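> model this:
(one chain, ligands or ions: 1)
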Amino acid sequence: MAELWPGLGGPKISYISPPPPEAWRRVWPRAIAILGSTGSIGRNALAVIEKHAEKFKVVGLSCAGNVEHLAGQAACFRPPCLAVLDGAVAQKLKNLLPSGYAPRILEGPEGYAELASLPQADVVLSAQSGWTGLSGTLAAALAGKVICLANKESIVLAGDLVREICRRTQAVILPVDSEHNAIFQCLAGRGQEAAYLVLTASGGPFFGKSREELATVTAEQAMHHPTWRMGAKISIDSATLMNKSLEIAEAFHLYGVSSSRIRVLIHPQSIVHSLVEFDDGSLLAQMSAPDMRTALANCLLWPICESSGAPLLDLTRAGQLTFHKADTEAFPALTLARLALSGRGGLSVVMSAANEAAVELFLQGHVSFTDILRLVEAAMQAHSEAHADSPGKPFCPPLTAAGLPELREEVHTLQARITRLDRHSRRMVYQSAKGDTCK
Ligand code: MG
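Numbers count the residues shown, from 1 in each chain. The predicted structure is shown next:
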């Protein structure tokens, strides 16, 4: 299987994790636990699983608040474990489950972490939204799981840490994010000949608008993505292009390449999901209909390639495919990831956390669309000034623990440090937004 892997430890590509062991490939049905099963990724994953029912056994499902939907999924797939936000949600869920079915119901962050490391799970799909996905990804990595990773924030916040854990526990990362999955497919066995990774971006609903025009757009307009149907946070991130900024950081950590070897191309049709430029000038692209089931099937069934259930792409009907340079004047988000990655001193955490807080304020109607990035930039600036004496110091130093219990302890300490910076960055955004409205 190593021959299909995108390149390990090489000078051109140094992928974040080793490939899964040979024995894992032969285990069918695959037992799967899903963190965030009621969101758009979770639902699409269950559609792929249902299509290949003989190949999967669902052993865990979880949600944050959509308990009715979780109850429906649980009644259908009958996993022995479920995880929810707290005791009140757990009680509500119990009342909704069919008689004769009594799964274990886990609660809170510890519950999600336990679901992520269930001994019987062969695969964990990390699909929670935003920074809440971090603890599940870390728990699965510490348990040495094969992780289908849809939560990009886990990598943006703690890419170095996830890489270190994978090295120690042999945990595996399969990238679900469509761009990174496209690159993963293009790089199969050819990592060390790759010159550039080219991420495509649809440009979002406001492609072509000037900075002035963007100042007055509404949340409803921003939520209306032209090619993808997604959750609220990622829809706004796509409209500001912050999603692409986070994806630059994600590619940086997943593939171990410098940000100068990651390019962005605006491609409004969302047919080409990303490309790799090789040393000989060849450009390999992965193309498919904009439907997350393709990337999910690639990861969930890896290395087998079978129908995902997504509509097939008919290039004779796809129309013209166009590619444009990104407008960093109107959409400054793209420059922020490169800035964040140049320091490694926690700026990625500040960028991601400040963005989540600013998006929340925008969705609540407290700030304007262009305020989102202004607030993120201000938080990053404040952090850089406060840490001007240690710009190159890595936020997560290499792990030193010898055994697994000590490793868990060390990871929890680093996770707590990330969480503190995350909360501090959010507070900075709330305070400066409040200051603006008071003026
Ligand atoms: Mg993506």
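
> residue of the stretch 51-200 of the chain with the smallest distance to the ion?
Scanning the stretch 51-200 of the chain for the residue nearest the ion gives residue 177, at 4.3 Å (criterion: Cβ to the ion). C-beta: built from backbone N, CA, C; applies to glycine.

> Now do the contacts for that residue.
Applying Cβ atoms under 8 Å, 6 or more residues apart in numbering, we find residue 177 in contact with 149, 150, 152, 247, 250, 295.

> Could you do residue 278 as well?
By Cβ under 8 Å, 6+ apart, the residues touching residue 278 are 190, 193, 194, 195, 284.

> of the contacts of residue 177, closest to residue 10?
residue 250 (19.5 Å; Cβ to Cβ).

> Relative to residue 288, how far out is that closest one?
According to Cβ to Cβ, to the nearest Å, residue 250 stands 20 Å off from residue 288.

> Quick check: mean pLDDT of stretch 17-30?
Mean per-residue pLDDT for stretch 17-30: 95.

> how about that stretch as CSV, C-alpha atoms only?
Output of stretch 17-30 as CSV, limited to C-alpha atoms (Å, rounded to 0.1, in the frame of the first residue of the first chain):
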residue,chain,number,x,y,z
SER,A,17,1.1,10.1,8.6
PRO,A,18,2.2,6.6,7.5
PRO,A,19,-0.1,4.4,5.4
PRO,A,20,-2.5,2.0,7.2
PRO,A,21,-1.1,-1.4,7.9
GLU,A,22,-1.7,-4.2,5.4
ALA,A,23,-3.9,-6.1,7.8
TRP,A,24,-6.3,-3.1,8.0
ARG,A,25,-6.9,-3.3,4.3
ARG,A,26,-8.3,-6.8,4.6
VAL,A,27,-10.8,-6.1,7.4
TRP,A,28,-14.3,-6.0,6.1
PRO,A,29,-16.8,-4.9,7.2
ARG,A,30,-15.0,-1.8,8.5
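
> Can you tell me what sits against it?
Contacts for stretch 17-30 (Cβ under 8 Å, 6+ apart): 1-2, 4-5, 8, 54-57, 122-123, 146, 163, 166-167, 170-173, 300, 302-303.

> Equivalent analysis for stretch 373-391, please.
Contact with stretch 373-391 is made by 240, 242, 332-333, 336, 339-340, 343, 345-347, 350-351, 353-355, 357-358, 361, 367, 393, 425, 428-429, 432-433, as judged by Cβ under 8 Å, 6+ apart.

> Pull out the buried residues from it.
The neighbour-count check on stretch 373-391 (16 or more other Cβ atoms under 10 Å) flags 373, 374, 375, 376, 377, 378, 379, 380, 382, 383, 384, 387 as buried.

> now do stretch 263-283
263-278.

> Show me which residues of the stretch 151-300 of the chain are close to the ion?
177, 178, 179 (Cβ under 5 Å from the ion).

> Could you export those to TSV, including columns for distance to residue 85, secondary structure and pLDDT?
Below are those laid out as TSV (distance: Cβ to Cβ, whole Å; DSSP: H, G, I helix; E, B strand; the rest coil; pLDDT from 0 to 100):
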residue	distance to residue 85	secondary structure	pLDDT
177	25	coil	96
178	28	helix	96
179	30	helix	97
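
> Let's see which of the contacts of residue 278 end up in strands.
Using DSSP state E, 194, 195, 284 are the members of the contacts of residue 278 that sit in strands.

> Could you identify which of those has the most neighbours?
When neighbours are taken as other Cβ atoms under 10 Å, the top entry among the ones in strands among the contacts of residue 278 is residue 194 (23 neighbours).

> ok, and for the helix or strand in which residue 92 is found, which residues are buried?
Residue 92 is located in helix 87-96, with elements delineated by DSSP states H and E. By 16+ other Cβ under 10 Å, the buried positions in helix 87-96 come out as 89, 90, 93.

> need the contact list for the closest residue to the second one other than its chain neighbours.
Here the nearest residue to residue 90 in space, its sequence neighbours aside, is residue 105; by Cβ to Cβ, 6 or more residues apart in numbering that works out to 4.7 Å. The contact partners of residue 105, by Cβ under 8 Å, 6+ apart, come to 81, 82, 83, 84, 90, 93, 94, 111.

> average pLDDT for the strand or helix carrying residue 105?
Using DSSP H and E, residue 105 maps to strand 104-107. The average pLDDT within strand 104-107 is 97.

> what distance separates it from the middle of the whole chain?
25 Å (Cα atoms, centre = their mean, to the nearest Å).
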